[in-house]
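Engineer: The following comprises the amino acid sequence and a computationally predicted model.
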Protein chains: 4
Amino acid sequence: MTDEANQEDASEAPPASFRADERKDRLLCAAERCFIDSGFHGARMAQIAKAASVSPGLIYHYFDSKEQIIAELIQRHFNEKKAMLARIEETDGSVLDAFLASLEEGLQSSLDPFWSAMTLEVTAEATRNDDIAKLLCCSDGEMRDRLRAALKRENDAPDMDARIEMFVALIQGLGIRAIRNPDMEREAVVKLLRDMVEHLFRRRPQD
Amino acid sequence: MTDEANQEDASEAPPASFRADERKDRLLCAAERCFIDSGFHGARMAQIAKAASVSPGLIYHYFDSKEQIIAELIQRHFNEKKAMLARIEETDGSVLDAFLASLEEGLQSSLDPFWSAMTLEVTAEATRNDDIAKLLCCSDGEMRDRLRAALKRENDAPDMDARIEMFVALIQGLGIRAIRNPDMEREAVVKLLRDMVEHLFRRRPQD
Amino acid sequence: MTDEANQEDASEAPPASFRADERKDRLLCAAERCFIDSGFHGARMAQIAKAASVSPGLIYHYFDSKEQIIAELIQRHFNEKKAMLARIEETDGSVLDAFLASLEEGLQSSLDPFWSAMTLEVTAEATRNDDIAKLLCCSDGEMRDRLRAALKRENDAPDMDARIEMFVALIQGLGIRAIRNPDMEREAVVKLLRDMVEHLFRRRPQD
Amino acid sequence: MTDEANQEDASEAPPASFRADERKDRLLCAAERCFIDSGFHGARMAQIAKAASVSPGLIYHYFDSKEQIIAELIQRHFNEKKAMLARIEETDGSVLDAFLASLEEGLQSSLDPFWSAMTLEVTAEATRNDDIAKLLCCSDGEMRDRLRAALKRENDAPDMDARIEMFVALIQGLGIRAIRNPDMEREAVVKLLRDMVEHLFRRRPQD
DNA sequence: CATGAATGAGGCTTCATTCAT
DNA sequence: GATGAATGAAGCCTCATTCAT
């Protein structure tokens, strides 16, 4: 807060939109933390406001409703995934290698119970909120398409769709595992995961 | 239950204890449906009561609270899983074959968005309710232990724990996939799953 | 319960009204205990039923409602008081002496927190339930009239009404004290009470 | 409170803390009225809210629960009593005279059926709520101690404890009488009360 | 913009009372 | 008569949202 105050001192008209964006971002981050702790339904607006160090009323200057916060958070979720995917697409060498390389990084977050908890919340919400379901379906579809396209160079098996589903299932499933078995030996699992992914994508089409 | 059945044959009088069990079961089923539709927090007691065609007050003759209903449902979930596991353990032939055979059956429910939604609810709840977390951790641990023991005959790789985690991740991850991509080609996925599981467990320990 | 069973054995037609009265009495006693423990509003019908070892539904064969139980209990309350008063009226010697003699006995119950609690409940209820208020006002008035008549022989001071009020206030006030200060030294208080009552009634009209 | 008064003078802006206190006080008064009308258990939060002209939800900005409102009211009750006692303690002349003088004032409230009803509620609640019982026992004890100390100058009879109990019993008992017999001749009773109190405290220790 | 007091609908739960057996 | 399951109307309390300041 002192930082912003300094910036305000520097120029009489501080970029309002910047501060607004920053404030909105802070709110989203606070909301994410709360949702992870308490779930979409369990988290209270007052709790989010406190976590973001603002008054409850102020939230409604940035968001129309709790629902909208959830929607924006989910959007952000997907943007992060897409950014990761973009980095893989841009690689010069073997896509699969870049993919495996980024797997470790990705796993750091996928296996992170916090991150996984968010995925769970989002997926669970999709089973009851049709808007979320559509958003998920769409984004998920786009991700799969791009993944398929990126991997086509490596492997054009006719059942690539199923393989990709299997892959995503593995990643997200491990997220659940991380929650249900906090003592899971991550190193052995990551090693095994590499092996599985190679088996999935390196292999020639079924003979 | 057999006693009551006899009594039923003897006279028209409906055995009280039987009806009580039946009513409780009906309530649990209604609750499960509601929880799948709306989540643990989203589902309302009134909604559950209506789904079971009883008055709201009656629920409290059978359960102390909403929380207890959730707990009993989770317990029931694990009992089903354990029953499946018991059938596999009792097989005479190859455990892995029995396992693969039951996979299809299991997948029917794991891929069933209803069933998966319940798993999501339960897992998500574990991230915020410590009691549920403990119950899950315990039951999950028992299941993994028994699975490991059952598979030892086939494969005693030193990283069996990781492999089992991977396997369960696959199954539960596919549950999520079924929700996020309802158009998933199930046949191809099931076929691939068989292949993956064979790869996981049939293989000799890493050389 | 075994006793009643025996009686039933003795005569095929057990005096139904007797059993009914006995049952009703048991219910009233159970209700009194519950009301003392939890207050008129705090006591639950189920609690009363359990205390009387009957089913909740049966209560409604004997009473129309909870309110009626309260009313009958209050009536019984007054009957006991009137019986005590009657014994004093019938004495041959000094009414005041009989009175003072019965004071100790009366105090045993008035100072008994149980009994006093009932008086409190009844009086408190009178502040909100007009029916009870009327009943109380009436019964109380009758008691005061009879007390005044009985004491007239001893003392016909013109302010006898006030003195009687003062006397009853003392008795009932001590009931409150017994609740608020359980460590009260009863002997000293009883001794002092005798002195006060003598002062109240033995004295000639104010000079 | 003086600070806020100054601020009020300075500008029209109503000091937030002042309004908060005022609102809380209004709620307490409204609650008191409702409790007197309907009893602690009979009074409804909605009724209290309406009596204070606020929405039901607002009550919970100022109090944690209905129980807490009751507790604060009881506390306030004792504070009033203590203030009265403090005035008597500070008198220069005869404590007993100051005492008798304040008796009339005190009686105005003790004989006020409203006030007495509150005492009844509080005492009745003490028979079932242990927290209240402890609070009452404590506060009552303190009051008796201070009363005894204040009267020691006048009268150091060895049974002063019993006399004080008797005195309080008289006052509180008259409160009950005021409820049970609204037609009580207050003047005669007050006159008699003076006489009784003098008899209680002016007298030398028993010979 | 910012605050946080205020609102009020609605959730979970209780409990007096009824009724099928 | 006797039971206790069943009812359903409230009750206490929560919390997303609004609004005066």
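Structural biologist: That came through fine.
Engineer: In chain A, which residue sits closest to chain D?
Structural biologist: A:Ala46 (11.6 Å; Cβ to the nearest Cβ). C-beta: built from backbone N, CA, C; applies to glycine.
Engineer: hang on, isn't that residue packed against A:Pro56?
Structural biologist: Yes: counting by Cβ atoms under 8 Å, A:Ala46 touches A:Pro56, with 5.3 Å between them.
Engineer: Find the residue at the geometric middle of chain A.
Structural biologist: The centroid of chain A falls nearest to A:His77 when counting by Cα atoms, centre = their mean (3.6 Å).
Engineer: What helix or strand is that one located in?
Structural biologist: Using DSSP states H and E, A:His77 sits within helix A:66-89.
Engineer: Name the residues that touch that helix?
Structural biologist: Applying Cβ atoms under 8 Å, 6 or more residues apart in numbering or on different chains, the contact partners of helix A:66-89 are A:27-28, A:31-32, A:35, A:40, A:45, A:48, A:59, A:63, A:95, A:98-99, A:102, A:105-106, A:118-119, A:122, A:125, A:131-132, A:135-136, A:139, A:142-143, A:146-147, A:150.
Engineer: Narrow the residues you listed to just the buried residues.
Structural biologist: By neighbour count, with 16 or more other Cβ atoms under 10 Å in any protein chain shown, the contacts of helix A:66-89 hold A:27-28, A:31-32, A:35, A:40, A:45, A:48, A:59, A:63, A:95, A:98-99, A:106, A:118-119, A:122, A:125, A:132, A:135-136, A:139, A:143, A:147, A:150 as buried.
Engineer: Restricted to helices, list those residues.
Structural biologist: A:27-28, A:31-32, A:35, A:40, A:45, A:48, A:59, A:95, A:98-99, A:106, A:118-119, A:122, A:125, A:132, A:135-136, A:139, A:143, A:147, A:150 (DSSP state H).
Engineer: Please list which of these also come close to chain B.
Structural biologist: Among those, the ones lying near chain B by Cβ under 8 Å from any Cβ of the partner chain are A:Thr119, A:Glu125, A:Leu136.
Engineer: quick one, what contacts the first one?
Structural biologist: To tie it back to what came earlier, the one meant is A:Thr119. A:Thr119 sits next to A:His77, A:Gln172, A:Gly175, B:Ile176 when contact means Cβ under 8 Å, 6+ apart.
Engineer: Report the closest residue of chain A relative to DNA strand E.
Structural biologist: Residue of chain A nearest DNA strand E, by Cβ to the nearest atom of the strand: A:Gly57 (1.6 Å).
Engineer: Which element, helix or strand, includes that residue?
Structural biologist: helix A:56-62.
Engineer: does that helix come close to DNA strand F?
Structural biologist: Yes: judged by Cβ under 7 Å from any atom of the strand, helix A:56-62 and DNA strand F are in contact via A:Pro56, A:Gly57, A:Tyr60.
Engineer: can you tell if that helix touches chain D?
Structural biologist: No: if you take Cβ under 8 Å from any Cβ as the test, helix A:56-62 misses chain D, and the best it gets is 12.3 Å.
Engineer: what packs against that helix?
Structural biologist: helix A:16-42, helix A:45-51 (3 or more Cβ pairs under 8 Å, 6 or more residues apart in numbering or on different chains; DSSP states H and E).
Engineer: which of the residues in it are buried?
Structural biologist: A:Ile59, A:Tyr62.
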